[in-house]
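S.K.: kindly return the folded structure for what I paste below:
(one chain, ligands or ions: 1)
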Amino acid sequence: MAENTVQARRSLAGKVALVTGSAKRLGKAVALRLAAEGADLVIHHGNSHAEAQETVAEIEKLGRRAAALSADLRKVDEIRRLFVEVLKEFGRLDILVNSAANFLPASMVSTTEEIWDASLDTNLKAGFFCAQAAAPLLRRTKGAIVNFADVGGLMGWPGYIPHSVSKAGVVMLTKVLAKALAPEVRVNAIAPGTITMPGDPPEWEADFVKLAPLRRTGAPGDIADAVSYLVHAEFMTGHTLVLDGGRNLGPAKEEFR
Ligand SMILES: NC(=O)c1ccc[n+]([C@@H]2O[C@H](COP(=O)([O-])OP(=O)(O)OC[C@H]3O[C@@H](n4cnc5c(N)ncnc54)[C@H](OP(=O)(O)O)[C@@H]3O)[C@@H](O)[C@H]2O)c1
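M.R.: Numbers count the residues shown, from 1 in each chain. Predicted structure coming up:
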């Protein structure tokens with residue numbers, strides 16, 4: 001019985017997932033994982049048109065259906081159009097993963113109104129309006145939303161003030177959406193620490209490794225595992241899973257061992 005339950009839980013066959021910002025990097029890793037579990041995929045993207053087509057091709061090789069749809073998530077009318085297109089192309093939506101974001105450095109001195117607005121609009125406002133547009137579809141399918149916060153939204157990076165605030169907002173957005181959309185739709189989030197990919201500046205890894213008790217950065221597979229877990233976690237809503245190698249705990253101190 002338990003084995004059957006696990007098997008049933010793992011199949012996303014017949015379901016449709018939209019991952020924002022999934023032409024490349026973490027969004028792509030999540031899209032590929034959901035496709036490997038059986039879902040058809042909407043590859044939302046902004047400007048990465050060629051990469052989005054490559055991701056679609058990779059998903060089709062897995063035997064799943066996929067479509068690349070672009071929208072500037074800073075514009076609410078584009079978000080609404082995106083979900084109209086999803087309904088037209090796929091007829092349903094079961095999973096929304098709000099992964100698209102920017103990561104703009106901005107300190108106490110260097111933060112401008114433009115950077116503030118770009119950070120909050122893309123990282124926080126877009127997540128709300130995607131959820132608003134998706135809600136009628138997700139209620140119908142008893143679906144799930146997974147938001148992307150950031151450990152910076154829990155700890156606060158002084159070199160990334162608007163970014164940190166936007167991601168702290170994602171944690172609250174997740175809680176309030178979980179209440180607003182219950183009981184039909186579950187809403188959870190992940191808060192990653194540094195996840196390294198080929199081409200990332202080497203100092204990102206070096207800085208993080210010094211400060212994280214697990215002494216490594218994350219890999220895209222760590223993120224895909226967590227999103228998959230949240231998609232299937234039928235008794236969890238409003239929760240933010242922290243995936244940061246223990247970074248938010250502070251460095252491991254020898255003297256207390
Ligand atoms: N990578 C990490 O170490 C890390 C750590 C903590 C949290 N996170 C979070 O994890 C998520 C994914 O991270 P990532 O590093 O893969 O992200 P990323 O490469 O910085 O961005 C993902 C995608 O977001 C899209 N995007 C940005 N602004 C947009 C807009 N206005 N309209 C439409 N699309 C837009 C871009 O699409 P196009 O390229 O198509 O324009 C981009 O490819 C983000 O929410 C990030 O904050 C990542």
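S.K.: make it CA atoms for all contacts and neighbour counts henceforth
M.R.: Will do.
S.K.: and H45, what does it touch?
M.R.: Applying Cα atoms under 8 Å, 6 or more residues apart in numbering to H45 gives the contacts 20-23, 52, 68-71.
S.K.: from those, which ones fall inside strands?
M.R.: Among the contacts of H45, the members falling in strands (DSSP state E) are 68-70.
S.K.: closest one of the contacts of H45 to the ligand?
M.R.: Proximity of the contacts of H45 to the ligand (Cα to the nearest ligand atom) peaks at G21, which lies at 3.8 Å.
S.K.: and that closest one, how many neighbours?
M.R.: When neighbours are counted by other Cα atoms under 10 Å, G21 registers 26.
S.K.: write out the residues of the stretch 1-150 of the chain neighbouring the ligand.
M.R.: Counting by Cα under 6 Å from any ligand atom, the stretch 1-150 of the chain comes close to the ligand at 21, 23-27, 45-48, 71-74, 99-102, 122, 148, 150.
S.K.: in helices only, show me those.
M.R.: Among these, the members falling in helices are 25-27 (criterion: DSSP state H).
S.K.: most neighbours out of the residues you listed, which is it?
M.R.: By neighbour count, taken as other Cα under 10 Å, the most surrounded of these turns out to be G27 (26 neighbours).
S.K.: quick one, what contacts that one?
M.R.: Each residue near G27 by Cα under 8 Å, 6+ apart is listed here: 19-21, 99-100.
S.K.: just the buried ones from the residues you listed?
M.R.: 19-21, 99-100 (16 or more other Cα atoms under 10 Å).
S.K.: could you redo these as TSV and give each row distance to V170 and pLDDT?
M.R.: Shown next, in TSV, are these (distance: Cα to Cα, whole Å; pLDDT from 0 to 100):
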residue	distance to V170	pLDDT
V19	16	99
T20	15	99
G21	16	98
S99	11	99
A100	12	99
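S.K.: can I get these in JSON lines including distance to K167?
M.R.: Formatted as JSON lines, the buried ones among the contacts of G27 follow (distance: Cα to Cα, whole Å):
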{"residue": "V19", "distance to K167": "18"}
{"residue": "T20", "distance to K167": "16"}
{"residue": "G21", "distance to K167": "16"}
{"residue": "S99", "distance to K167": "12"}
{"residue": "A100", "distance to K167": "12"}
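S.K.: of all the residues you listed, which two lie farthest apart?
M.R.: V19 and A100 (8.2 Å; Cα to Cα).
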